[in-house]
Structure formats: structure tokens, C-alpha cells
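In: curious how this folds, go ahead:
(chains A and B)
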Amino acid sequence: MNLITLLKQTTSASLDSLYQVKIQPELVLVNATKPEFEGDYTIVLFAFVKQLGKNPEVVGNELGNAMQKALPTIITEFNIVKGFLNFTISNDYWFEFIKNLSPNELMPAVEHKRKIMVEYSSPNTNKPLHLGHLRNNFLGWSIAEILKLQGHEVVKTCIVNDRGIHICKSMIAWQLFANGATPESTSKKGDHFVGDYYVKYNDAYKAEVAELVAGGMMQEMAEKEAPILKGAQEMLLKWEQGDAATLDLWKKMNSWVYEGFEVTYKKIGSDFFKTYYESNTYLLGKELVEEGLTKKVFYQKEDSSVWIDLTPDGLDEKIVRRKDGTSVYMTQDIGLAQLKQKEFNTDASIYVVGDEQNYHFKVLKLICQKLEQPAADGIYHLSYGMVELPTGKMKSREGTVVDADDLVDEMINISKEKTEALGKVSDFTNEQLIALYNTIGLGALKFFLLRVDPKKKMIFNPEESIDFHGFTGPFIQYTHARIKSILRKTGTTVTLTTNELLPLEKQLAIELSTFPAMVNEAAENLDPSKIAIYAFNLAKLFNTFYAEHSISNAESEIKKQLRIQLGILTAATLQKAMGALGIAVPEQM
RNA sequence: GGUUCGGUAGCUCAGCUGGAUAGAGCGUCAUCCUUCUAAGAUGAGGGCCAUUGGUUCGAAUCCAAUCCGAAUCACCA
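Out: Below is the predicted model of the structure:
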């Protein structure tokens, strides 16, 4: 059992036997003792003192004695400072912990294994991926890895937004301006090629609007009447009617984009068990509307449009079917949720989608619950903040985006330069070098995007390159490589003999012991940053330890064996933690 | 206007189920490679935790109000 849990339970039991007071173990506050005080763990007494009507000193003494009696092999001493009861945990406990922990079994499996779907990425097929998509992809991947680490089964899916007016905009611009050019003929990556026409559309649209306004038209009217917009709208209509020529163009341009996406996904390490296409799903949900009407969850207005009234839930009225009988975004999503449920029978479904859709997902879950969809309660929205530039939001149509491919390439280049400057891998083959540059460059980028709370928006300054020192991916990768380098020299077979632990050795043991709790916390909050912070703290602690104590030249053979084991466990934990972020750690760098 | 989220060091961020003197990283300054990888370590400096009031033995953390910023409240997706 986890030591903190044990302390909580013992406290609860001791209070009961001492004073016949029932306090839930979860309510006992156990903290790591501040370094300036003696001890390892601290119980805050104020909470019960009041209830007991005794002074903290007395309660502390009685509780301390009782606890020590209950856990004689674990608690060696205790002291009381003001209302804080500090326990010192025995060397033996930590030594046994280090001895029994296996690098292959760092994370105990969950009791109730669940099947969880993670939907992420959701790209549009009219433009290449940008920095915001990277945050989405890395979050989705990481959450999937974290859940797997807990022992759950994960199904990764992607919904591609491959239809709609924005796609038609790229299409019409291509028709008008491309003269039959293709990605091949211009040797451009397909997604970038199509994205260029999306920008061209917007430029042309703006010019047309300006021209109309110059001709005396009101701005608002001009924005609706611009010929290129009319053309795009017409195209969408044709697409919906199944016009062969339009569909051909659509398929051709989408295939270019997919080729481009595939390259990017491969480079950043993203994959999906199943990809859904909106062109196939946008008509879903129709039966559900009927069902909702029958169940009186929905109601029909005079114009025959269908709505749900969510005002009792503190939300607004929401349309679910237009008066012309077509589905809206919400209807599709309800339909898709049902489809996914039928296909995979998952216990929960996590949507990695930007925070601009918080309202949408709130409504989605609510409607699914009201329709009594089987997995409705398992819908979670991993809402993440936008990535913004110092100048404000990124806008694809204005070309003010940090392109994913460019950024990834730049990161890999920087890692190449830095690695070469340090000259520590002269024995690597060319292939190994390329792999290493990728590992470090992507590690820096992924860590950068995952180390902050997902729900907060973040600002990325393209002028300042992403760091390789301090609270970064490469710092942790480096620590791992450093340990591995030592272990290559010392070997990894150890025989552990009972040992006194120095403060830093004990601290490492304590830090290692909290890994499973950190993973669980990250999973519970859908927040990989918890693991990023943990990995950083562990690496930092190891580096302090490393600077203070020698492993291969330890004071004694017994110490050496112990420290090799600590090295093995730290390296393995760093690897697991970084793996949960989707970041590889090199053996040498 | 309603709802939701945010405001902590020069910058980027932790800490928020109330607990001991508010922490990291970057940047600045100063030390440490004849000894296991210096992408490292050690130290210094840097704070009215947006403001005001309340609850409490105790508030960055909870409550209320105010100020500032963002998202959303589409028969777009």
C-alpha cells in the first residue's frame, strides 16, 4: 500500500481508538515535511484539535505515540511543532522499497479496467496543421498513453472535417488561380499546396469586397455578394447534390491534403485506430431527432425546425434540426457519439477539442444524457486553451500561423546544431544521429506544449526559440542518458544489502514512490502537465544527487550497489513518465 | 448583457480539496569540469499572489463585490 494512504488510515484508526472520534482517512492531511523541519511526513493537527477540544501539543503526543505503536517498523520518531506532527520514516522502510521496486513494474494496474476512446487532432482538409493542432495532437496522444499506463484499453480516433464551405473556398480558388497546378508540378507538400489556395481565396474575397464597396455598395452587403463567395456557396450546394465534377475536384484536393498530413503525423508520431470523415457522418443523428421528439426531449416549432430547451439546466435553447430537415453540427455529433458507441462499446469517451467549444460539449453531453444514450455519462471534454502569438490569435486565412511542419523541422535542426556543438556522440552512425535529432527536437517541442495546464491558453513567441535547458524535454532526456552512461560502466546486476540511507538517497526513494500517484492524478484531471512537472523534479533531484555522490566511486561496495539500483529505478521512471508524454528518451546524447 | 475560464517574480509557468518563511525554469550576477556525460550542479538577487471586504486559530487557495483579459451565448463546423 502507498505510504501516505497507510498514514491516513492509521491516523484515522488511532484517533478513533484514542478519542472515539470518527474521521475519514481521506480527510487527514498528510504532507511532505518541509525541509527546515525534522521528519519526512507531516500530519496537520488543527483539523481535529478543535473537534477534540484539546491543545495540539497533547493531541500530537498521544497520536504520535499511538501511530508509532501501530507502525513500529515504519515510524521511528515524531516531533510536534505548533500544530504539525512530523514523522520520521525508518530507513528500513525506504530500503525495502528501493529493493523491491522493479523497473518493469513501476505502475500497478487499475482495479477496474475500462475501454476509453480518445478523439483528437480533428484537422480540416483545407489547410496544413499548425501549432494549435500540435498542442491538440500531443495532448491526445499523451492522455492515451497515460490511460494505457494505468492499465486501461484505449481506442484513438480522429474525425476529419473534410467537407463544408471552407473546403469549397480552397477548391474554388484552385479552379480560378491554379491553372492546373498540382503539388507534384510545384513540388509542394499537398496540405501546404491546398492551404495556399485557402489564403488566395481570402485575398481575392477581400479584394472583391473592397471593389464592391468602392462601387457604392454597403460593406455588409458586399461581404455577402462577393462573387467568389457566391461561387463557393454554389459549389457546396453542388457537392451536396452529388455533382460528379465537384466531387472529383473535392476528392483530388483532399487526397493531396491527406498525403501531406500523413507525412506530418508520421514525423510527430501520431496515429489513430479509426478515422471518421465528416463527409460520411454529417447526416447522422436523424433517427435520434425522431427519437428525441417521441421521448419529448425535443420539440418542434411552427416552422418545423426541432429544438431542445435547456433553460432549466441554465443553458439556452438549441436547434437540432433545421426547418429544411438537415442536421446541424450538434446533431451530427450526437449521431457520431452513438455510432462510436455502437462500434466500440466504450466506457468513456474523451474529446480533445479547444476551449472555444466548451459550450458545445456541455450541451452535447446533456442532450446525450437526456436521450439516455448508453455512454452519455462517460463523455469528457479535454478542453485546452488556444496557442496564441504575442501579436494575438493565429489565423490560417491570413497566413499568420506557426506552421507545424516548419516548427518541427526547426526544432530538429536546433537539436542537431546543439548536439554537434557538444560533440558527445561521435560514435553514432548517420541513421542514429538523425534519430537522435528527432528525439531531442520533438522532445523539446512536445514537452514545451505539455508542461503547462492544458486548459490555460498559452503564448508562443516565434522570435524566442524553445529552450533546451531547465524545465524542458532535453533536460530530462539528458538526465536519462547520463544515468544510462553510468550504468553502461557499472553494469546493472545488483545485490542489495541493508543500508543506511543518506538524505539525498532517501529523497530519491520518496520521489520515486510517488510516481503512480502522479500518473493517477494526471489521468483523473486529464492533465499531462502533472507528469511533466514530476519528471522534471525527479530529474533535477537526481542531478543534485549525482553532483553530490559518486555511483561508480561510491564510499563502499554496499553504497555502490544501492546507488546503481537508484540509477536503474530513476532511469526507468523517467522513461515511463516521458513515454506518458509521448516523448522518447535516448540512451546517449 | 448572461454563462464559463483566467490575472502569482522582468518573462514563461507551478502551487488553488485552506496549513509552517509563496516555488521552478528562463534571463541577470557569482562560483564548480586532472574524478561516473557541464544539455549539469551550487549560491545571490528578484513578489502589496489584480483590488477591496468577509469567513477562519490560519487565506495565493474558500465566499462576495469591483477592475482587467479571453472564450462562448449561430438554422458555421
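
In: domain ranges for chain A?
Out: A:3-89, A:164-272, A:404-580 (automatic domain parsing).

In: kindly check the end-to-end length of the longest one for me.
Out: Read it as domain A:404-580. Counting by CA to CA, to the nearest Å, you get 22 Å between the two ends of domain A:404-580.

In: hang on, A:Asn31 in a strand?
Out: Yes: counting by DSSP: H, G, I helix; E, B strand; the rest coil, A:Asn31 falls inside a strand.

In: quick check: bridge partners of it?
Out: A:Thr42 (DSSP bridges).

In: separation between it and RNA strand B?
Out: Distance, A:Asn31 to RNA strand B, by CB to the nearest atom of the strand, to the nearest Å: 6 Å. C-beta: built from backbone N, CA, C; applies to glycine.

In: same question for A:Tyr380.
Out: Using CB to the nearest atom of the strand, we find A:Tyr380 at a distance of 15 Å from RNA strand B.

In: wait, that residue touches A:Thr346, no?
Out: No: because the distance of 11.5 Å does not satisfy CB atoms under 8 Å, A:Tyr380 is recorded as not touching A:Thr346.

In: can you report phi and psi for A:Ser465?
Out: Geometry field for A:Ser465 lists phi and psi as phi -70, psi 160, criterion degrees, to the nearest 10.

In: doesn't A:Asn413 make contact with it?
Out: No: because the distance of 10.1 Å does not satisfy CB under 8 Å, A:Ser465 is recorded as not touching A:Asn413.

In: and the stretch 251-400 of chain A, which residues reach RNA strand B?
Out: The stretch 251-400 of chain A comes close to RNA strand B at residues A:278, A:282, A:301, A:303, A:305, A:314, A:316, A:319, A:322-324, A:328-329, A:332, A:355-360, A:386, A:393, as judged by CB under 7 Å from any atom of the strand.

In: so which of the domains of chain A gets nearest A:Met117?
Out: domain A:164-272 (10.8 Å; CB to CB).

In: what's the helix or strand for A:Val363?
Out: Counting by DSSP states H and E, the element that carries A:Val363 is helix A:358-370.

In: neighbour count winner among A:Tyr380 and A:Thr346?
Out: Set A:Tyr380 next to A:Thr346 and count neighbours by other CB atoms under 10 Å: A:Thr346 wins out with 21 against 17.

In: and the residue nearest in space to the middle of chain A, what's its pLDDT?
Out: Centroid-nearest residue in chain A: A:Leu139, 2.6 Å away (criterion: CA atoms, centre = their mean). As predicted, A:Leu139 sits at a pLDDT of 97.

In: surely it forms part of a helix?
Out: Yes: membership of A:Leu139 in a helix is supported by three-state DSSP.

In: any idea how far RNA strand B is from it?
Out: According to CB to the nearest atom of the strand, A:Leu139 and RNA strand B sit 13 Å apart.

In: and A:Pro103, by the same measure?
Out: Applying CB to the nearest atom of the strand, one obtains 18 Å for the distance of A:Pro103 from RNA strand B.

In: ok, A:Leu433 - how many residues close by?
Out: Burial measure for A:Leu433: 15 neighbouring residues, criterion other CB under 10 Å.

In: okay, and it sits in which element?
Out: Going by DSSP H and E, A:Leu433 is in helix A:430-450.

In: just checking, what packs against the next helix or strand after that helix?
Out: Of the helices and strands lying after helix A:430-450 in sequence (DSSP H and E), the nearest is strand A:458-459. When contacts are defined as 3 or more CB pairs under 8 Å, 6 or more residues apart in numbering; DSSP states H and E, strand A:458-459 packs onto strand A:387-388.

In: walk me through which strands the strand it packs on pairs with, and which way each runs.
Out: Sheet pairing for strand A:387-388, using DSSP bridges, gives strand A:458-459 (parallel).

In: off-centre distance for the partner strand?
Out: Using CA atoms, centre = their mean, to the nearest Å, the distance from the centre of strand A:458-459 to the centre of the chain it belongs to is 16 Å.

In: for whichever residue of the stretch 401-550 of chain A sits closest to RNA strand B, give me the pLDDT.
Out: Of the residues in the stretch 401-550 of chain A, the one nearest RNA strand B is A:Gly470, at a distance of 1.9 Å by CB to the nearest atom of the strand. At A:Gly470 the predicted local distance difference test score is 95.

In: go on, the one 4 residues further on?
Out: Among the per-residue scores, A:Pro474 shows a pLDDT of 97.

In: please apply the same query to A:Leu315.
Out: At A:Leu315, the predicted lDDT confidence score is 85.

In: same check on A:Met1?
Out: Here the pLDDT value assigned to A:Met1 is 69.

In: go on, A:Asn461?
Out: In this prediction, A:Asn461 carries a pLDDT score of 85.

In: next, A:Gly579: secondary structure please.
Out: For A:Gly579, the secondary structure call by three-state DSSP comes out as helix.

In: sorry, back to before: now the helix holding A:Leu433: buried residues?
Out: A:436-450 (16 or more other CB atoms under 10 Å).

In: hmm, back to that, keep only those of the residues of the stretch 251-400 of chain A next to RNA strand B that are in strands.
Out: A:Ile319 (DSSP state E).

In: now a PyMOL select for only the buried ones of the residues of the stretch 251-400 of chain A next to RNA strand B.
Out: PyMOL command restricting these to the buried ones, with burial defined by 16+ other CB under 10 Å:
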select buried, chain A and resi 278+282+319+328+329+332+355+357+360+386
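
In: thinking again about what came up before, next one: the helix holding A:Val363 to chain centre, how far?
Out: Mean-position distance between helix A:358-370 and its chain equals 22 Å (CA atoms, centre = their mean).

In: show me where the stretch 51-200 of chain A has helices.
Out: A:56-70, A:91-100, A:131-150, A:165-177, A:183-186, A:190-214 (DSSP state H, counting those that start in this stretch).

In: which one, of these, ends up nearest to A:Leu288?
Out: Nearest to A:Leu288 among the helices of the stretch 51-200 of chain A is helix A:165-177 (24.7 Å), distances taken as CB to CB.

In: so which helix or strand takes in A:Glu420?
Out: With elements taken from DSSP H and E, the one containing A:Glu420 is helix A:404-422.

In: who are the packing partners of that helix?
Out: For helix A:404-422, the contact count by 3+ CB pairs under 8 Å, 6+ apart identifies helix A:131-150, helix A:244-268, helix A:430-450 as packing neighbours.

In: does it reach RNA strand B?
Out: Yes: contact between helix A:404-422 and RNA strand B, assessed by CB under 7 Å from any atom of the strand, occurs at A:415, A:418-419, A:422.

In: that helix vs helix A:430-450, what angle?
Out: Put simply, helix A:404-422 runs at 120 degrees to helix A:430-450, going by axes from the mean of the first three to the mean of the last three CA atoms, to 10 degrees.

In: pull the distance from helix A:404-422 to the chain's centre.
Out: Taking mean C-alpha positions (CA atoms, centre = their mean), helix A:404-422 and its chain are 23 Å apart.

In: if we can go back for a sec, quick one, which of the residues of helix A:404-422 next to RNA strand B are buried?
Out: Judged by neighbour count, with 16+ other CB under 10 Å as the criterion, the buried members of those are A:415, A:418-419.

In: and the closest residue to A:Glu343 other than its chain neighbours, backbone torsions?
Out: If the residues on either side of it in the chain are set aside, A:Glu343 comes closest to A:Lys274, at 7.7 Å by CB to CB, 6 or more residues apart in numbering. Per-residue torsions, A:Lys274: phi -150, psi 140 (degrees, to the nearest 10).

In: residue contacts, the residue lying closest to A:Tyr120 once chain neighbours are set aside?
Out: Among residues not flanking A:Tyr120 along the chain, A:Gly140 sits closest, at 2.4 Å (CB to CB, 6+ apart). For A:Gly140, the contacting residues are A:118-121, A:156, A:270, A:352, A:382, by CB atoms under 8 Å, 6 or more residues apart in numbering.

In: rebuild those residues as JSON lines, extending it with neighbour count, pLDDT and distance to A:Tyr198.
Out: Listed next are those as JSON lines, based on neighbours: other CB atoms under 10 Å; pLDDT from 0 to 100; distance: CB to CB, whole Å:
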{"residue": "A:Val118", "neighbour count": "29", "pLDDT": "97", "distance to A:Tyr198": "28"}
{"residue": "A:Glu119", "neighbour count": "23", "pLDDT": "96", "distance to A:Tyr198": "24"}
{"residue": "A:Tyr120", "neighbour count": "25", "pLDDT": "95", "distance to A:Tyr198": "23"}
{"residue": "A:Ser121", "neighbour count": "24", "pLDDT": "93", "distance to A:Tyr198": "19"}
{"residue": "A:Lys156", "neighbour count": "20", "pLDDT": "97", "distance to A:Tyr198": "27"}
{"residue": "A:Ser270", "neighbour count": "22", "pLDDT": "94", "distance to A:Tyr198": "22"}
{"residue": "A:Val352", "neighbour count": "27", "pLDDT": "96", "distance to A:Tyr198": "24"}
{"residue": "A:Leu382", "neighbour count": "24", "pLDDT": "95", "distance to A:Tyr198": "27"}
